[in-house]
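# Attaching a predicted model along with its sequence, questions to come.
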Amino acid sequence: MPDTPNDRIETFYEVMRAQGISRRSFMKYCTLTATALGLGPAFVPKIAHAMETKPRTPVIWLHGLECTCCSESFIRSGHPLAKDVILSMISLDYDELLMAPSGLAAQAVLEETIAKYKGNYILAVEGNPPLNEDGMFCISGGKPFVDKLKRVAKDAKAIIAWGACASYGCVQAASPNPTQATPIHKVITDKPIIKVPGCPPIAEVMTGVITYMVTFDRMPALDRQGRPLMFYSQRIHDKCYRRPHFDAGQFVENWDDEGARKGYCLYKVGCKGPTTYNACSTVRWNEGVSFPIQAGHGCIGCSEDGFWDQGSFYDRVTDITQFGVEANADRVGLAAVGVVGGAVAAHAALSALKRAQQKAVGQSNAAKAAKEEA
Amino acid sequence: MASEPDVAGTPATPFHKAGTHKQTSVYVYEAPVRIWHWVNALAILVLCVTGYFIGEPLPSFTAQEATYQFFFGYLRFVHFAAGMVLTVGFFGRLYWAFVGNHHARQLFTFPFWSRHFWAEVWFEIRWYLFMAKEPKKYEGHNPLAQLAMFFFITVATVFMIITGFALYAEGQGMDHWMYKAFGWVIPLAGNSLDVHMLHRMGMWAMVVFVIVHIYVAVREDIMSRQSIISTMISGHRTFKDDRPD
């Protein structure tokens, strides 16, 4: 490691050279990064310049109420490799999962990092704080996680919400949400928050977001919900390789039918691809090996807000839980049509009866009048 | 009814002459309103049928390889096209509310603060519950019909246009002006699937309205003291008697 004064953070380049990476490999890395971010060759020298001059970005990675699937995904990133991100690009000073110290030593690191890089570090949050019972459902370092989150967020430059937990709440927030698990944007309201939803998010999406932020020293462009546009601006459906079968009207009807064998569209067996914004159908998983639809199972929409409470993963017209009983739009609609149709029929019959009655009265009156006249 | 002579009570003549009746007609629905009504009806029919099968597709069939078969795509196209017709028609109808006769405005407003209006609504409810002996005569919509039109046509159509365009904009992409204009609906409802569900509930509300609307139109044409169905064809409201109200 090059000799640097204690108060200065090394640049990416310094760290990479210290790890024995040649200048040539460094330039290759910059080219690959530019390509991964969808940038032209003109950006390669810019990225190289940034990495030579900018200090590494300190990152504090906290774990709240979660299952660690985000971290599991993250460490499998192939482009860039997670080790490159952790060892070269960012200075991952505190990560409860990926750090050597424990106990008081770990807590000391956290305090030190906050003090040293006040207002300059990125806070990455995996999981969310449960607020019920004063946050007692998630204790970290002997204190409620929500306190720790607020404390670390206070001096952060920006916050990354990893996964559906931090972004939206996810399964631990499923109705009736006994622990009151709450997405972080409802707890931290005074900091820019980037949502990287998914359960988990795609590894390359996670490292891609970090790469963008450290390279350009700014937030990526976000959509209305705070998700990076470069990965969440299109639906799975828009880039799905089974899309021609959708347009043709060729669907898998059952899991063991001919359509399933031929790789037809999974829309009728509940695929949520048409309503899910994510990069699965382009970036795919495990270094581009596959993704759920390619493996023959519909998308469950894990990167969408509320997916855990939206009924079956295998229905297209899903259940409406608001009614308290299991019902979907079609069942409710058909029931309404049935009731109204029945009521109309009954009303029509009654109307006809009434009219016949009135006619009879009218005719007898007319007959009476005619008789009197005569 | 029995105290006054009516058509049923007059002596039969060999010819179907109008005789001395002073049956008058009022020109209520101008041509643009009538054209809009029937175009809108057709659009709603097409939208409901195609929309139902977009959510619950017909059984798969394979006439050709997927590259050459575009059945579901055409179904969706018809739905979108009918949606555009409905939208343009709605705005055309809105325009006519400003330049047309005063009956053309009934669809978009109702006198919420008028005690008299609600009294008339109550009377109409009693008429439909067989509690009133004789209906009243109205040149335009009766107050209950006006309420139903306002909520099931005006409000519901606006709802369907907004949710429909939000869903259509998703296919156009986030860069499209349509997404910029309607994309806010999606996070407001929760997510895209929620918007789909709400749009579908809207369809069922429309179907319920159509059933009631057609039934009531036929019933009133027979049982009320005025024309209903022919009015939406000729524009003229004719009355079956000359008694007041």
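All right, it came through fine.

# any idea how far B:F151 is from B:K136?
Between B:K136 and B:F151 the distance is 21 Å, computed by C-beta to C-beta, to the nearest Å. The C-beta positions use only the backbone N, C-alpha and C, and glycine is treated the same way.

# again but with A:L98, I slipped
57 Å.

# Tell me who's in contact with the closest residue to chain B within chain A.
For chain A, the nearest residue to chain B under the criterion C-beta to the nearest C-beta is A:G333, separated by 2.8 Å. With contacts defined as C-beta atoms under 8 Å, 6 or more residues apart in numbering or on different chains, A:G333 is in contact with B:R200, B:M201, B:M203, B:W204, B:V207.

# Could you say which helix or strand holds the second one?
Yep, that's B:M201 we're talking about. For B:M201, the enclosing helix or strand under DSSP states H and E is helix B:192-223.

# can that helix be found next to chain A?
Yes - applying C-beta under 8 Å from any C-beta of the partner chain, one finds that helix B:192-223 is in contact with chain A at B:192-194, B:196-197, B:200-201, B:203-205, B:207-208, B:211-212, B:215, B:219, B:222-223.

# Can you spell out which helices and strands pack onto that helix?
helix A:329-373, helix B:31-55, helix B:143-149, helix B:156-172, helix B:185-189 (3 or more C-beta pairs under 8 Å, 6 or more residues apart in numbering or on different chains; DSSP states H and E).

# Show me which residues of the fourth one are buried.
Read that as helix B:156-172. With burial defined by 16 or more other C-beta atoms under 10 Å in any protein chain shown, the residues of helix B:156-172 counted as buried are B:156-157, B:159-170.

# Of those residues, which are in range of chain A?
Near chain A, taking C-beta under 8 Å from any C-beta as the test, the members of the buried residues of helix B:156-172 found are B:E170.

# And the buried residues of helix B:156-172, which is closest to chain A?
When the buried residues of helix B:156-172 are compared for distance to chain A, the smallest value, 6.6 Å, is given by B:E170; criterion: C-beta to the nearest C-beta.

# who touches that closest one in this structure?
A:R235, B:Y179, B:G183, B:I186, B:S192.

# can you pick the most crowded of these?
Going through the contacts of B:E170 with other C-beta atoms under 10 Å in any protein chain shown as the criterion, the one with the most neighbours is B:I186, at 26 neighbours.

# what's around residue 120, how many residues?
The chain I'm using is chain A. Per other C-beta under 10 Å, the neighbour tally for A:N120 reads 13.

# Let me rephrase: I mean chain B.
Residue neighbour count, defined by other C-beta under 10 Å, stands at 18 for B:E120.

# of all the helices and strands packed on helix B:192-223, which lies closest to A:L266?
Across those, the minimum distance to A:L266, taken as C-beta to C-beta, is reached by helix B:31-55, at 15.2 Å.

# Which is the succeeding secondary structure element to the helix or strand of chain A with the lowest mean pLDDT?
When the helices and strands of chain A are compared on mean pLDDT, DSSP states H and E, helix A:82-84 comes out lowest with a mean of 74. Moving toward the C-terminus from helix A:82-84, the first helix or strand encountered (DSSP H and E) is strand A:90-95.

# what's that following strand in contact with?
Outside of strand A:90-95, the residues within contact range by C-beta under 8 Å, 6+ apart are A:9, A:56-62, A:71, A:86, A:98-99, A:106, A:109-110, A:113, A:117, A:121-122, A:210, A:214.

# Given that strand, what are its sheet partners and their directions?
Listed by DSSP bridges, the sheet partners of strand A:90-95 and their directions read strand A:57-63 (parallel).

# Which residues outside the strand it pairs with are in contact with it?
Here strand A:57-63 makes contact (C-beta under 8 Å, 6+ apart) with A:9, A:71, A:89-98, A:110, A:113-114, A:116-117, A:120-127, A:140, A:145, A:148-149, A:152, A:156, A:210, A:213-214, A:217.

# Check stretch A:185-197 too.
A:123, A:129, A:131, A:146, A:149-150, A:153, A:156, A:158-164, A:166-168, A:184, A:205-206, A:209, A:219-220, A:222, A:225-228, A:231-232, A:278, A:302-305.

# how does it look with 6 Å?
A:129, A:153, A:158-162, A:164, A:167, A:209, A:219, A:226-227, A:303 (C-beta atoms under 6 Å, 6 or more residues apart in numbering or on different chains).

# and if you look at stretch A:269-279?
Contacts of stretch A:269-279 from elsewhere in the structure, counted by C-beta under 6 Å, 6+ apart, are A:202, A:205, A:231-232, A:235-237, A:240, A:252, A:298-301, A:303-304, A:313-316, B:192-193.

# related to what we said a few turns ago, including pLDDT and distance to B:S25, could the contacts of B:E170 go into a markdown table?
Supplementary listing: the contacts of B:E170 in a markdown table, determined by pLDDT from 0 to 100; distance: C-beta to C-beta, whole Å:
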| residue | pLDDT | distance to B:S25 |
| --- | --- | --- |
| A:R235 | 94 | 55 |
| B:Y179 | 94 | 49 |
| B:G183 | 93 | 49 |
| B:I186 | 94 | 49 |
| B:S192 | 93 | 50 |
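
# from the residues you listed, which is closest to A:K46?
Nearest to A:K46 among the contacts of B:E170: B:Y179, at 30.2 Å, using C-beta to C-beta.

# tell me the contacts of the residue lying closest to the closest one once chain neighbours are set aside?
If the residues on either side of it in the chain are set aside, B:Y179 comes closest to B:A169, at 4.1 Å by C-beta to C-beta, 6 or more residues apart in numbering or on different chains. For B:A169, the contacting residues are B:M178, B:Y179, B:F182, by C-beta under 6 Å, 6+ apart.

# Count the neighbours of whatever residue of chain B ends up closest to chain A for me.
When scored by C-beta to the nearest C-beta, chain B has B:W204 as its residue closest to chain A, at 2.8 Å. Other residues within reach of B:W204, judged by other C-beta under 10 Å, total 20.

# okay, it: pLDDT?
Model confidence at B:W204, given as pLDDT, is 94.

# and it, what does it touch?
Taking C-beta under 6 Å, 6+ apart, one finds A:G333, A:A336 in contact with B:W204.

# switch to 8 Å and redo it
Applying C-beta under 8 Å, 6+ apart, the residues near B:W204 are A:A329, A:D330, A:V332, A:G333, A:L334, A:A336, A:V337.

# Same question for A:A260.
By C-beta under 8 Å, 6+ apart, the contact set of A:A260 is A:V252, A:N254, A:G296.

# Looking at the residues you listed, state which has the most neighbours.
Across the contacts of A:A260, neighbour numbers were computed from other C-beta under 10 Å; A:V252 holds the maximum, 25 neighbours.

# backbone phi and psi for that residue, please?
Dihedral pair for A:V252: phi -70, psi 120, per degrees, to the nearest 10.
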